[in-house]
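Asks: Got a sequence here, can you model it:
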Amino acid sequence: MGIRYLIYTLLAFTVALNACHNPLDGVTIGLKDPIQDGVVDCQFYDPAGNPLPQINQVKMAGPDAAQVVTTVNTTHFKINSEGKLLVAASPLATISTQKPFRFNLVVESDNYLTVVQPFVLTNFNRQSRSIRRINILKSPRTLNAARTTGNAGSDGVVGATFGVTTASQNSDADHATVTLQTGTKLTDRDGTAVGGGLTLAAIHTNARSDEATSYIPGVGVLSSVAGRDGGPSLGNLRLLSVAGSVTMQIYNESYALATKLSPASHWTMDLNPLTYNLSAGRVIQEGDSIPLFSYDDFTYRWQEEKPGVVKHNQQTGRLEYQATATYTAAYVVGWTESICAVGPVFTVNSKLANVDVNYRCQLIDVTTGKQVSTFYANVNNGSVIRVYNQSKNRKLKLQVYDDTDAWGKGAKGGLMAESGPAVTCDQTPVAINLVALPVPPVMTLEFYFSCPDGKILDESVLPALIKTQYSEVDQNDWHDLITTTRTQRKTVSYKLKVGHRYDFRASTDGGATWPLQQDNYLVDKPEWTLKIRAEMYCK
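Replies: Below is the predicted model:
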């Protein structure tokens, strides 16, 4: 295996490297160690599938905004081309349950609803959020959004009625309207008044297509729903028939979020007249009461609300849903069924140990023989596979195939084992025997640092963290490969296959940027070694 010499630019230093088919060529490596504690990982996406805006204004607001930094301890916040933004609490910040670290992430771009996403850190654990960016002019066909402005006094009291109606540019579309009446008092989660210039935003999901639940929090599953007026929890629910959803948000020029509305504000939304009333066994009609639930995307809390009523709008001739809101949230309207939070549960007996790929699983209804769901799960020996959100009183069995989420089918490819029947909601483990599943080929991966004669490696100045990812060639579909540290630079993985070509990339700032990349690299042996010979890492 021939050795070739590469040149890495390391800030102002030139570093000589040698490698066997080195997959990372001609790159820049930063000197700063990435912050790993108190990190907030934000992944932005456009629900309509539009390309994300490349020009963004990223700001921090709230009590601890001045102590929010990037993972390399700067304040140059930038969303990368894949919609990823990593921020963190400054290493100098104090974080505890008694002294929470609080800030609002703000992202603005032309024609998009402004993102005002609050965060609270009570420890240094990593937080992850998937945050949608909604293009007002190019939203999905079943979702529309709009915003307007108004004012409130320093006491948070609205001086003049104002409201917003979605899809106002299209008279034939379904509409939703949120109205703040004169005298409405706005406060945040702590009861502090939110006054000044206000922005009121509303997002409406109609029920004109089967895609509606895709744009509703939980994608049709309502978890741990709190009972109305302090009543007992309703457990987990699944939407069987959705009538629509309205999300409302209010913030001022300082991006302080108003949460509580007193007195309650009114909102309406047009209804699809073909919406099926499961309680009455017919399509909806005027006077129907439809169950209402709210979702707080900050606390992840579902709440049963006082149901709204179907009315006939004399001006538009349409049926509409009328309800009130005592706080800003996502409001979901529809009929539900009670489902299992967990169960059934399966335990795995196999020859696999520490295999870092997942295998294709199918849940089969024992009574009907029909497939209930398909997913991928780890099947190392002793693994526990828990099934969530299934309808009650059903018998299911688990099938596992020699087919992975990393490289597709294995040596045997087909069905490897099937469990016995298990009952939904029952958490008593049911065994599945996968001893016949072959252990896939393993690959050794290593970052190897060496020094000139007479010097020894100084681990304290090595990159603190090198994170690597791989993709099928030209697919730009990146998956985590390995993460190495100063002292742990060698590991194994089952994700790559000898004889295959991949695109590789690596990051030294925790994944905010990926400056090290090599495309169309052939893995021709069961090892991947990056050899770095650099005097600056030596003493």
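
Asks: Straight-line length of stretch 501-521, end to end?
Replies: 5 Å (Cα to Cα, to the nearest Å).

Asks: What average pLDDT does that stretch get?
Replies: Stretch 501-521 carries an average pLDDT of 87.

Asks: again with stretch 388-402
Replies: For stretch 388-402, mean pLDDT is 96.

Asks: buried ones in that stretch?
Replies: By neighbour count on 16 or more other Cβ atoms under 10 Å, the buried set for stretch 388-402 is Asn389, Gln390, Arg394, Lys395, Leu396, Lys397, Leu398, Gln399, Val400, Tyr401, Asp402. Yep, even glycine has a C-beta here, placed from its N, CA and C like the rest.

Asks: Just the ones of these in strands?
Replies: The members of those that map onto strands under DSSP state E are Lys395, Leu396, Lys397, Leu398, Gln399, Val400, Tyr401, Asp402.

Asks: could you dump those residues to CSV with distance to Glu305?
Replies: Formatted as CSV, these follow (distance: Cβ to Cβ, whole Å):
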residue, distance to Glu305
Lys395, 35
Leu396, 33
Lys397, 38
Leu398, 37
Gln399, 40
Val400, 42
Tyr401, 43
Asp402, 48
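
Asks: Out of the helices and strands in this structure, which is least certain?
Replies: strand 3-10 (a mean of 27; mean pLDDT, DSSP states H and E).

Asks: which intervals of the stretch 401-539 of the chain have sub-threshold pLDDT?
Replies: Counting by pLDDT under 70, the stretch 401-539 of the chain contains no low-confidence range.

Asks: any chance you could map the strands in it?
Replies: Assigned by DSSP state E, counting those that start in this stretch, the stretch 401-539 of the chain shows strands spanning 408-409, 415-418, 422-423, 430-434, 443-450, 465-472, 479-485, 490-493, 501-507, 516-522, 527-533.

Asks: Same question for the stretch 251-400 of the chain.
Replies: Using DSSP E, counting those that start in this stretch, strands in the stretch 251-400 of the chain cover 257-258, 260-270, 276-277, 282-283, 289-296, 301-312, 319-327, 330-339, 342-350, 359-365, 371-377, 384-388, 395-404.

Asks: for the record, mean pLDDT for the third one?
Replies: Per-residue pLDDT values over strand 276-277 give a mean of 94.

Asks: One more: the fourth one?
Replies: Mean pLDDT, computed over strand 282-283, is 95.

Asks: Please compute how far it lies from its chain's middle.
Replies: Offset of strand 282-283 from its chain centre (Cα atoms, centre = their mean, to the nearest Å): 36 Å.

Asks: and if you look at the third one?
Replies: Distance of strand 276-277 from the chain centroid (Cα atoms, centre = their mean) equals 32 Å.

Asks: Would you quantify the distance from the residue most central in space within the chain to Phe44?
Replies: For the chain, the residue sitting closest to the mean C-alpha position, by Cα atoms, centre = their mean, is Ser130 at 3.0 Å. Using Cβ to Cβ, to the nearest Å, one obtains 8 Å as the distance from Ser130 to Phe44.

Asks: Next, format the buried residues of stretch 388-402 as TSV and append distance to Gly231.
Replies: What follows is the buried residues of stretch 388-402, written out as TSV (distance: Cβ to Cβ, whole Å):
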residue	distance to Gly231
Asn389	22
Gln390	25
Arg394	27
Lys395	32
Leu396	31
Lys397	36
Leu398	36
Gln399	40
Val400	41
Tyr401	44
Asp402	48
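
Asks: between the residues you listed, which is closest to Gly183?
Replies: The closest of those to Gly183 turns out to be Asn389 (Cβ to Cβ; 42.3 Å).

Asks: does the nearest residue to Asn111 once chain neighbours are set aside count as helix, strand or coil?
Replies: Leaving aside its sequence neighbours, Asn111 sits nearest to Leu137 (Cβ to Cβ, 6 or more residues apart in numbering; 5.2 Å). Look at Leu137: counting by DSSP: H, G, I helix; E, B strand; the rest coil, its state is coil.

Asks: so Leu137 sits right up against Tyr112, yeah?
Replies: No - using Cβ atoms under 8 Å, Leu137 makes no contact with Tyr112, being 9.2 Å away.

Asks: More neighbours: which of those two?
Replies: Tyr112 (20 against 10; other Cβ atoms under 10 Å).

Asks: how far away is that one from Gln57?
Replies: In this view, Tyr112 and Gln57 are 11 Å apart by Cβ to Cβ.

Asks: Tell me who's in contact with the closest residue to Pro344 other than its chain neighbours.
Replies: Distances taken as Cβ to Cβ, 6+ apart place Ala422 nearest to Pro344, at 3.4 Å, with adjacent residues excluded. When contacts are counted by Cβ atoms under 8 Å, 6 or more residues apart in numbering, Ala422 touches Gly343, Pro344, Val345, Phe346, Lys395, Leu396, Lys397, Leu398, Val430.

Asks: again, but for Thr444
Replies: Shown in contact with Thr444 (Cβ under 8 Å, 6+ apart): Lys490, Thr491, Val492, Pro526, Glu527, Trp528, Thr529.

Asks: The same query, at a cut-off of 6 Å, please.
Replies: Shown in contact with Thr444 (Cβ atoms under 6 Å, 6 or more residues apart in numbering): Val492, Glu527.

Asks: What separation do you get for it and Lys490?
Replies: Here Thr444 is placed at a distance of 7 Å from Lys490 (Cβ to Cβ).

Asks: and if you look at Glu418?
Replies: Distance from Glu418 to Lys490, by Cβ to Cβ: 38 Å.

Asks: same deal with Met269?
Replies: According to Cβ to Cβ, Met269 stands 57 Å off from Lys490.

Asks: out of the two, which sits in the more crowded spot?
Replies: The residue with more neighbours, out of Met269 and Lys490, is Met269; 26 against 12, by other Cβ under 10 Å.

Asks: got the contact list for the residue nearest to the more buried one when sequence neighbours are not counted?
Replies: Excluding its sequence neighbours, the residue lying closest to Met269 (Cβ to Cβ, 6+ apart) is Ala176, at 3.9 Å. Shown in contact with Ala176 (Cβ under 6 Å, 6+ apart): Thr166, Ala202, His204, Val246, Met269.

Asks: Surely the fourth one touches His204?
Replies: Yes - the pair Val246 / His204 is scored as a contact, 5.4 Å apart, by Cβ atoms under 6 Å.

Asks: so what's in contact with those two at the same time?
Replies: Shared contacts of Val246 and His204 (Cβ under 6 Å, 6+ apart): Ala176, Met269.
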